[in-house]
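# Quick check, what structure comes out for this input:
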Amino acid sequence: MSAQTTVKRSPLQLAAGLFGVTFLLVGILGFVPGITSGIEHLGFAGHHSEAMLLGVFQISTLHNLVHLIFGVLGLVAATAAPRSKMFLVLSGAVYLVLWIYGLAAGSGPANFIPLNMADNWLHFILGTVMLLSGLLLGRKVTRH
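Model prediction:
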């Protein structure tokens, strides 16, 4: 006889896990030729990187590493509802700050990540969805 254990995940944990997997996938795909065009021009950082994920989003090695870090954080956070809430709210806020930063930095030297207009609006959507997910799904989560 084998005992089966079912782990029930909260909606918060599922959301954090989904974002974590998505960020990991995007971070990895940013290094894959064919999915990333101009990969031979992938710079570590700076607005001069000409690599484009899916031909739309300007990326750099730094940008990919940030996605990988957020992916790992999301998966770790998904192990507990309070951590999931914190991840979603804080990451959502960070992505909204990145949206504002990207709009302000434009395509000049201050744009060290680099970010283009497609990145900026994706960051706005991500930040909003993550923040609202953390706040709305986490209304009943209390810390122990």
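# just the strands in this protein please.
36-37, 52-53, 57-58 (DSSP state E).
# Nearest to Leu135, out of those strands?
Nearest to Leu135, of all these, is strand 57-58, at 26.6 Å by CB to CB. C-beta: built from backbone N, CA, C; applies to glycine.
# Give me the contacts around that closest one.
Applying CB atoms under 8 Å, 6 or more residues apart in numbering, the contact partners of strand 57-58 are Ser49, Glu50, Ala51, Met52, Pro114, Leu115, Asn116, Ala118, Asp119, Leu122.
# repeat for stretch 124-140
For stretch 124-140, using CB under 8 Å, 6+ apart, the contacting residues are 10-12, 15, 19, 81, 84-89, 91-99.
# and the gap between Gln62 and Leu132?
Rather than Gln, residue 62 is Leu. 27 Å (CB to CB, to the nearest Å).
# And for Ile59?
Remark: distance between Ile59 and Leu132 (CB to CB) = 26 Å.
# ok, those two, which is more surrounded?
Legend: neighbour count by other CB atoms under 10 Å for Ile59 and Leu132, higher for Ile59 (30 against 13).
# Check that one and give its pLDDT.
Listed pLDDT for Ile59 reads 92.
# just to revisit the earlier point, name the nearest of the contacts of strand 57-58 relative to Val32.
Ala51 (10.8 Å).
# which residue sits closest to that closest one, ignoring its sequence neighbours?
Leaving aside its sequence neighbours, Ala51 sits nearest to Leu42 (CB to CB, 6 or more residues apart in numbering; 4.0 Å).
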